[in-house]
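In: Quick one, fold the following:
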Amino acid sequence: MKAVVAMMAFVLGFSVTPVVAQILNRLENAISGPPTQADIAAARQEVQSAAQQALSALYAIAPHARRTIEGAAGYAAFSTFGMKLMIAGGTSGKGLAVNRLTNSQTYMRMLEVQGGLGFGVNKNQLIFVFTTEPALSNFINQGWEFGGQANVSAMAGGEGEMFSGAAAISPGVYLYQITETGLSATLTVSGTKFFVDPDLN
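Out: So this is what the prediction gives:
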């Protein structure tokens, strides 16, 4: 239910700012009731496990990425699920942003709405790597939104093997996408928003 409410706001064109996230949270709680402490603890554990699974999948495909992430200011790992039926579709996911300098963790959410005809279900894992703390703080505090571009070529140039297989999407920010067929050479992240999860923080 929570993902549906947030996706409806996305479809209607509302930008998921911290204020809108709070409004969505109140609406969700009014519909399904506020989460209990046990619900929150279980959800946090689920997100942590999914984030660890995303990292493990990345390290299995691209072993050099472990050293890259361990030397970075921080990272964010997401597991996503998408479904498309006829003209409507979308992807939702949850993730964890980790500041490696302070060991702080921030729970995040993501939403993507897809247009056009089609059928299908997809599962992806996204791992952001932040080489600077300001880049990580900006991601957490201001959220992130990919525009309507169809895709982003996953070719980080000038970094040697260090970011091989990742897309350089902003100064100090790289992104790996793992699909069901492995590490993707093209990121399909158009119309995707990332923002702090008001329920779990």
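
In: for the protein, what spans make up the strands?
Out: For the chain, applying DSSP state E gives strands covering 74-85, 88-99, 104-114, 119-130, 144-145, 152-153, 167-170, 173-179, 182-183, 186-187, 192-196.

In: In a markdown table: those strands, plus mean pLDDT.
Out: Supplementary listing: these in a markdown table, determined by pLDDT from 0 to 100:
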| stretch | mean pLDDT |
| --- | --- |
| strand 74-85 | 72 |
| strand 88-99 | 78 |
| strand 104-114 | 84 |
| strand 119-130 | 74 |
| strand 144-145 | 84 |
| strand 152-153 | 54 |
| strand 167-170 | 85 |
| strand 173-179 | 89 |
| strand 182-183 | 82 |
| strand 186-187 | 69 |
| strand 192-196 | 88 |
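
In: if we compare those, which one ends up closest to residue 38?
Out: Residue 38 lies closest to strand 104-114 among the strands of the chain, at 16.2 Å (Cβ to Cβ). C-beta: built from backbone N, CA, C; applies to glycine.

In: Can you give the strand pairings for that closest one, parallel or anti for each?
Out: strand 88-99 (antiparallel), strand 192-196 (antiparallel) (DSSP bridges).

In: Distance to residue 50 added to those, as a markdown table?
Out: Shown next, in a markdown table, are these (distance: least, Cβ to Cβ, whole Å):
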| stretch | distance to residue 50 |
| --- | --- |
| strand 88-99 | 7 |
| strand 192-196 | 15 |
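
In: Tabulate these (JSON lines), appending mean neighbour count and distance to residue 44.
Out: As requested, the strands paired with strand 104-114 are arranged in JSON lines below (neighbours: other Cβ atoms under 10 Å; distance: least, Cβ to Cβ, whole Å):
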{"stretch": "strand 88-99", "mean neighbour count": "21", "distance to residue 44": "9"}
{"stretch": "strand 192-196", "mean neighbour count": "22", "distance to residue 44": "14"}
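
In: and for stretch 36-48, what are the contacting residues?
Out: 35, 94, 95, 96, 107, 199, 200 (Cβ atoms under 8 Å, 6 or more residues apart in numbering).

In: what pairs with the third one across the strands?
Out: It stands for residue 95. Going by DSSP bridges, residue 95 forms beta bridges with residue 78, residue 108.

In: With distance to residue 61 as new columns, can the strands of the chain be given to me in a markdown table?
Out: A markdown table is the format used below for the strands of the chain (distance: least, Cβ to Cβ, whole Å):
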| stretch | distance to residue 61 |
| --- | --- |
| strand 74-85 | 14 |
| strand 88-99 | 18 |
| strand 104-114 | 21 |
| strand 119-130 | 10 |
| strand 144-145 | 23 |
| strand 152-153 | 18 |
| strand 167-170 | 15 |
| strand 173-179 | 7 |
| strand 182-183 | 5 |
| strand 186-187 | 15 |
| strand 192-196 | 22 |
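
In: wouldn't residue 130 be in contact with residue 69 here?
Out: No - if you go by Cβ atoms under 8 Å, residue 130 and residue 69 don't touch, sitting 9.7 Å apart.
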